[in-house]
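**Student:** dropping the sequence and predicted coords here.
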Amino acid sequence: MPELPEVETVRQTLKNFIVGKTIKSVETPYDKIIVGNAKEFARRLEGQIICNLDRVGKYLIFILDDDAFVSHLRMEGKYNIVEESTELGKHEHVIFKFTDGSELRYADTRKFGRMELVSRDNYKDELPLSKLGAEPWEAKTDEVYVRLHKSSLPIKTLLLDQSIMTGIGNIYANEICFRMRINPKTPGNKLSKRRTAELIKTSQEILDEAIKQGGTTIHSFSANGIDGLFQTKLQVHMQQECPICKGIITKEQVNGRGTYYCKKCQR
DNA sequence: ACGTCCTCCTGTTCGC
DNA sequence: TGCGAACAGGAGGACG
């Protein structure tokens, strides 16, 4: 499931393939991927050149001549670059045809991903990006502390709240809690300001390391066939044995999400 | 304003 | 062995 490091990996890889290309047409065989009117989405993009590929949190932002659109991969979204003669895959739902005969195809087995037109010059200040908190590198301790302080929800749940900090998903939330040696069920309002600062710093470290490794491959995720290596570095997520005490890793649901932690080392 | 629950999907795993 | 049921999960929306 793509989180910030995976989306960043996709951005870096995909950018080289698509910047400068002109969109000839857009087809949407499964149009629920598009938020709003899919026909309108396709019509607006036709003839525009892809100028840049940005990222905010887990969102990709395609910058065109006059418009922009955001793309969220959710659980299993992927982008494929193929020649136009390539047979359409079962799970390819949005097709961008370029004037040079190549195509960008959005594939998503679970159809959870979404794309949405936004304004080119103001996309960070309008929905859906405007509701996001800062990425861990820009997060201010005081602001995060205020948010944590007024909630008794588990710290791991709050790590997944994109309006507090953005970019962290289930895998990295588990890893961050482990490195912090904190029980993921600890209420947010139990964290001191000092601990909050540590939480932000640990989030930065974990995401930095994952980006360096090219993300984490879980199930079918991969950016253009390049599989992330961070999975080999996972300490608790999907693990059986605690790397510190060699005890059993506990798996339980926390607010409906699979949560892995060591009951002895994380308190 | 906040917390909880439901929905969207399909491939995989599980139980009988 | 086979088939239906349960499960997984990010974000948005409904509801209290």
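**Tutor:** Okay, I see it. Here the structure is a predicted model, which means the values were calculated and not measured.
**Student:** can we go C-alpha only for contacts and neighbour counts from here?
**Tutor:** Fine.
**Student:** might you enumerate the residues of the stretch 51-200 of chain A proximal to DNA strand C?
**Tutor:** For the stretch 51-200 of chain A, the residues in contact with DNA strand C (CA under 7 Å from any atom of the strand) are A:58, A:74-75, A:110, A:112, A:128, A:160-162, A:167, A:169-171.
**Student:** just the buried residues out of these, in ChimeraX syntax.
**Tutor:** Remark: buried members of these, expressed as a ChimeraX selection using 16 or more other CA atoms under 10 Å:
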select /A:58,74,75,160,161,162,167,169,170,171
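**Student:** and of the residues of the stretch 51-200 of chain A next to DNA strand C, the nearest to A:Ala210?
**Tutor:** For these, the minimum distance to A:Ala210 (CA to CA) is 10.9 Å, reached by A:Ile171.
**Student:** on that earlier part again, got a markdown table for the residues of the stretch 51-200 of chain A next to DNA strand C, with pLDDT too?
**Tutor:** Below are those laid out as a markdown table (pLDDT from 0 to 100):
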| residue | pLDDT |
| --- | --- |
| A:Lys58 | 94 |
| A:Arg74 | 92 |
| A:Met75 | 89 |
| A:Arg110 | 91 |
| A:Phe112 | 93 |
| A:Pro128 | 94 |
| A:Leu160 | 94 |
| A:Asp161 | 94 |
| A:Gln162 | 94 |
| A:Gly167 | 93 |
| A:Gly169 | 91 |
| A:Asn170 | 92 |
| A:Ile171 | 90 |
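**Student:** out of the residues of the stretch 51-200 of chain A next to DNA strand C, list just those in helices.
**Tutor:** The helices, defined by DSSP state H, take in A:170-171 from those.
**Student:** could you list which of the residues of the stretch 51-200 of chain A next to DNA strand C also contact DNA strand B?
**Tutor:** Within those, those near DNA strand B by CA under 7 Å from any atom of the strand are A:110, A:112.
**Student:** just the closest of the residues of the stretch 51-200 of chain A next to DNA strand C to DNA strand B, please.
**Tutor:** Set against DNA strand B, the nearest of those by CA to the nearest atom of the strand is A:Arg110 (4.1 Å).
**Student:** tell me the contacts of the closest one?
**Tutor:** A:75-76 (CA atoms under 8 Å, 6 or more residues apart in numbering).
**Student:** could you do A:Ala173 as well?
**Tutor:** A:156, A:159-160.
**Student:** hmm, back to that, and the residues of the stretch 51-200 of chain A next to DNA strand C as JSON lines, adding distance to A:Asn52?
**Tutor:** Formatted as JSON lines, those follow (distance: CA to CA, whole Å):
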{"residue": "A:Lys58", "distance to A:Asn52": "17"}
{"residue": "A:Arg74", "distance to A:Asn52": "21"}
{"residue": "A:Met75", "distance to A:Asn52": "24"}
{"residue": "A:Arg110", "distance to A:Asn52": "27"}
{"residue": "A:Phe112", "distance to A:Asn52": "24"}
{"residue": "A:Pro128", "distance to A:Asn52": "19"}
{"residue": "A:Leu160", "distance to A:Asn52": "28"}
{"residue": "A:Asp161", "distance to A:Asn52": "28"}
{"residue": "A:Gln162", "distance to A:Asn52": "24"}
{"residue": "A:Gly167", "distance to A:Asn52": "20"}
{"residue": "A:Gly169", "distance to A:Asn52": "25"}
{"residue": "A:Asn170", "distance to A:Asn52": "29"}
{"residue": "A:Ile171", "distance to A:Asn52": "29"}
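**Student:** taking the residues of the stretch 51-200 of chain A next to DNA strand C one by one, which sit in strands?
**Tutor:** Using DSSP state E, no member of these falls in strands.
**Student:** can you show me the strands along chain A?
**Tutor:** A:23-27, A:52-56, A:59-63, A:67-72, A:78-83, A:92-98, A:102-107, A:114-119, A:250-254, A:257-261.
**Student:** fine by me, we can end here.
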